[in-house]
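K.L.:
Everything below, folded, please.
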Amino acid sequence: MTRRLQGASIRRKLIALTLTVILIPVFCVLAIVGEKEIRDIQTDMLASSALMGSMVAEFGAAALAFDNPRAAEQVLRTLGNHEEFLDAVLYDLAGHRFAAYNRVGNIGAPIDLVPPAPEALVTRDGARITVVRPVDRNGTRFGTIVLHTSTAPLTSRVRAYLWGLVWLIAGVLAASLMLAWALEQMVSRRVQKLADVAQQIAQREDYSVRADDRGRDEIALLAHGFNAMLAEIGRRQSEAQQAIRVRDEFLSVASHELKTPLTSLKLQVQSLMEMPPAIADPAEAKRLQSSFALTERQVRRLERLVTNLLDVSRIAIGRFALASQEVDLVVLVKDVIAQFSAEIQRGGYQVSFDLPAEAKGQWDPLRLEQVVVNLVSNAIKYGDGKPIDIAVARRQEQTVLRVRDHGIGVDLPSQERIFERFERAVSVNYGGLGLGLYITRQIVTAHGGKISVESTPGQGSTFVVELPPEVPASPASPAAPASPASRASSTSREGAA
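P.N.:
Below is the predicted model of the structure:
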């Protein structure tokens, strides 16, 4: 029963507790009192029968003394006035029947009273009571009286008493239910309304809802404190939303402003790299060319970081749109690998391909290129100079891209976390903001696909991207704007892509 009450509502618990506290003691008291009363009724009935026998013995002594059976029968007939009387027989000292009387006219078989005669005796046998009394006067015994009385009056009294108990129990039960109902109205219903408000807030995240705080009792004080807490949460939510809007707008503006000088700087560095060396010393010219190459790589890295920040701000404010057209994923993969040719050569990577002749679909080429760039960049960053395997295949209606490295790998607890904002599996000796895989998943999701990782620490990772033939007509938002609390907390994390 305790386990059932644990999952019950406060209303049911309160009613059950009220009825239990009231009814169990009442039932125990009624049972004890009832049992005592019934026992007292039985004792009174036996005592009444014994008194009847004593009276007959007192008045029958003279009839026995003067050997007057007629007088003895008149004494016995007086017992007919008692409703419980059945029959009576008066015996002399020799045990012979001296006089008898039966209300229904049948005395029955005589009782063997062979001397010595029995002493006083009162017994109950089924539906009748037997009374045996010696008939004596002034110490001289003249005979014995034996009479029987019915237990019907006893049964009637007990039945009437039990019916009284039933009505009393019904009254107590009705009063208990009324008390439980009153407590339910005053306590549990108000608590239930407070719980309904809390559930409504949890489901709708609407902090403008208020609980009924009328009254001066503890529940009203609880509702008043609850409303005050809601008001404070609503105020902080508004402040957090405003701060997030300001942050997102700042990121968007800052990213745009940073891209303009970065583009100019990138073009200038590329122009310097393409110009013929103006220094006669070959060693100095080679050193200068290496410096330009390093500068160009850093500019590209900075450009990717700015692009990631811009994409995150677009996702947050819901401006992450796709422009789909026919794209060959095989061609796109080869173009991306060509972009990373310098990094691949410098890191000593071997890249193997398993590509079909073509793998076309209706996708956003720029966003899909960004997916491949992020995955290849990850493989180079964490591949530890070991081979990289890239495969594209058709699986039923899906186009599957697999990028595998044989580097440090990702432990199981981190395999889902790395797809969140500002999260990385490792943070030592690796740069970035922790946004690459987050943006990758948003792009893949916006295309109606999914991305997963299969990894074992120390053996590398395999990222699997599954894409449908085309972008859905009403694609799911790549990332619904996060709740103010989670988005505010994410800004405080430090990490890198």
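
K.L.:
What's the mean pLDDT across the one helix or strand Leu288 maps to?
P.N.:
Here Leu288 sits within helix 282-316, counting by DSSP states H and E. Helix 282-316 shows a mean pLDDT of 73.

K.L.:
Flag every buried residue along stretch 67-84.
P.N.:
Buried positions in stretch 67-84, judged by neighbour count with 16 or more other CB atoms under 10 Å: Asn68, Ala72, Glu73, Val75, Leu76, Leu79, Glu84. Any C-beta I mention is one placed from the backbone N, CA and C, and that applies to glycine too.

K.L.:
end-to-end on that stretch?
P.N.:
End-to-end span of stretch 67-84 (CA to CA, to the nearest Å): 29 Å.

K.L.:
I would like the residues contacting it, please.
P.N.:
45, 48-49, 52, 56, 59-60, 62-64, 85, 88, 90, 98-101, 103, 147, 149-153 (CB atoms under 8 Å, 6 or more residues apart in numbering).

K.L.:
wait, what's in contact with the closest residue to Ala323 other than its chain neighbours?
P.N.:
Among residues not flanking Ala323 along the chain, Asp364 sits closest, at 5.4 Å (CB to CB, 6 or more residues apart in numbering). Contacts for Asp364 (CB under 8 Å, 6+ apart) come out as Leu322, Ala323, Ser324, Gln325, Val327, Ile443, His447, Val471.

K.L.:
Now tabulate the residues you listed in JSON lines and tack on neighbour count.
P.N.:
Shown next, in JSON lines, are the contacts of Asp364 (neighbours: other CB atoms under 10 Å):
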{"residue": "Leu322", "neighbour count": "16"}
{"residue": "Ala323", "neighbour count": "10"}
{"residue": "Ser324", "neighbour count": "17"}
{"residue": "Gln325", "neighbour count": "10"}
{"residue": "Val327", "neighbour count": "21"}
{"residue": "Ile443", "neighbour count": "26"}
{"residue": "His447", "neighbour count": "27"}
{"residue": "Val471", "neighbour count": "21"}
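
K.L.:
Where strands are concerned, which of those count?
P.N.:
Among the contacts of Asp364, the ones falling in strands (DSSP state E) are Gln325, Val327.

K.L.:
And the residue nearest to Arg103 when sequence neighbours are not counted, what's its pLDDT?
P.N.:
For Arg103, ignoring the flanking residues on the chain, the nearest one in space by CB to CB, 6+ apart is Gly80 at 5.7 Å. We note a pLDDT of 78 for Gly80 in this prediction.

K.L.:
all helices for the stretch 301-450 of the chain, in order.
P.N.:
Remark: helices assigned in the stretch 301-450 of the chain by DSSP state H, counting those that start in this stretch are 329-339, 341-347, 365-382, 436-446.

K.L.:
wait, the stretch 151-300 of the chain
P.N.:
Ranges of helices within the stretch 151-300 of the chain are 152-183, 189-204, 218-274, 282-316, based on DSSP H, counting those that start in this stretch.

K.L.:
For these, state which one has the densest average packing.
P.N.:
When the helices of the stretch 151-300 of the chain are scored by mean count of other CB atoms under 10 Å, the highest mean neighbour count falls to helix 282-316 (a mean of 16).

K.L.:
Could you check the angle that helix makes with helix 365-382?
P.N.:
Calculated by axes from the mean of the first three to the mean of the last three CA atoms, to 10 degrees, helix 282-316 forms an angle of 120 degrees with helix 365-382.

K.L.:
helices or strands up against helix 282-316?
P.N.:
helix 218-274, helix 341-347, helix 365-382, helix 436-446 (3 or more CB pairs under 8 Å, 6 or more residues apart in numbering; DSSP states H and E).

K.L.:
which ones are touching the residue of the chain most remote from its centre?
P.N.:
Relative to the C-alpha centroid of the chain, counting by CA atoms, centre = their mean, Phe66 is the outermost residue, at 93.8 Å. By CB under 8 Å, 6+ apart, Phe66 lies in contact with nothing.

K.L.:
Distance-wise, check the residue lying closest to Gly449 once chain neighbours are set aside relative to Gln415.
P.N.:
Using CB to CB, 6+ apart and skipping the chain neighbours, the partner closest in space to Gly449 is Leu467 (4.2 Å). Leu467 sits 21 Å away from Gln415, going by CB to CB, to the nearest Å.

K.L.:
Looking at these two, which one has more neighbours?
P.N.:
A count of neighbours by other CB atoms under 10 Å puts Leu467 above the other of Leu467 and Gln415, at 25 against 16.

K.L.:
Check that one and give its pLDDT.
P.N.:
Residue-level confidence at Leu467 comes out at 93, pLDDT.

K.L.:
Next: Ile279.
P.N.:
You'll see Ile279 listed with a pLDDT of 69.

K.L.:
Helix or strand: which one has Ser452?
P.N.:
strand 450-456.

K.L.:
now do Tyr91
P.N.:
With DSSP H and E as the test, Tyr91 turns up in strand 85-92.

K.L.:
Mind listing the strands that strand pairs with, and their directions?
P.N.:
strand 97-102 (antiparallel), strand 140-150 (antiparallel) (DSSP bridges).

K.L.:
before we move on, back to that, can you give me the distance of the residue farthest from the centre of the chain to Gly60?
P.N.:
The gap separating Phe66 from Gly60 is 11 Å, by CB to CB.

K.L.:
now do Ile244
P.N.:
Per CB to CB, Ile244 is found 112 Å from Gly60.

K.L.:
Could I get the helices of the stretch 151-300 of the chain in TSV, plus columns for distance to Leu332?
P.N.:
Below are the helices of the stretch 151-300 of the chain laid out as TSV (distance: least, CB to CB, whole Å):
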stretch	distance to Leu332
helix 152-183	71
helix 189-204	43
helix 218-274	21
helix 282-316	17
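
K.L.:
on that earlier part again, who's in contact with the residue nearest to Gly449?
P.N.:
The contact partners of Leu467, taken as CB under 8 Å, 6+ apart, are Leu329, Gly361, Trp363, Leu368, Gln398, Thr399, Val400, Leu401, Val444, His447, Gly448, Gly449.

K.L.:
if I look at Tyr101, how far off is Ala243?
P.N.:
110 Å.

K.L.:
wait, I meant Leu64
P.N.:
For Leu64, the distance to Ala243 (CB to CB) stands at 118 Å.

K.L.:
Show which residues not belonging to the strand holding Ser452 make contact with it.
P.N.:
409-411, 415, 418-419, 440-441, 444, 461-466.

K.L.:
Just give me the closest of the residues you listed to Leu222.
P.N.:
Of all those, Leu222 sits closest to Phe419, with 41.4 Å by CB to CB.

K.L.:
wait, the closest one sits on Leu437?
P.N.:
Yes. Look at Phe419 against Leu437 with CB atoms under 8 Å: they come within range, at 5.1 Å.

K.L.:
Those two: who's more crowded?
P.N.:
Counted by other CB under 10 Å, Phe419 and Leu437 do not tie: Leu437 has more neighbours, with 24 against 18.

K.L.:
wait, doesn't the more buried one sit right on Val371?
P.N.:
No. Judged on CB under 8 Å, Leu437 makes no contact with Val371 at a distance of 10.0 Å.

K.L.:
which stretches of the stretch 251-400 of the chain have low pLDDT?
P.N.:
Within the stretch 251-400 of the chain, the stretches with pLDDT under 70 are 251-257, 259-260, 272-273, 277-280, 308-320.

K.L.:
hang on, the earlier thing: pull out the buried residues from the strand holding Ser452.
P.N.:
For strand 450-456, burial by neighbour count (16+ other CB under 10 Å) applies to Ile451, Val453, Ser455.

K.L.:
any idea of the angle that strand forms with helix 436-446?
P.N.:
Using the same axes, to 10 degrees: strand 450-456 against helix 436-446 is 140 degrees.
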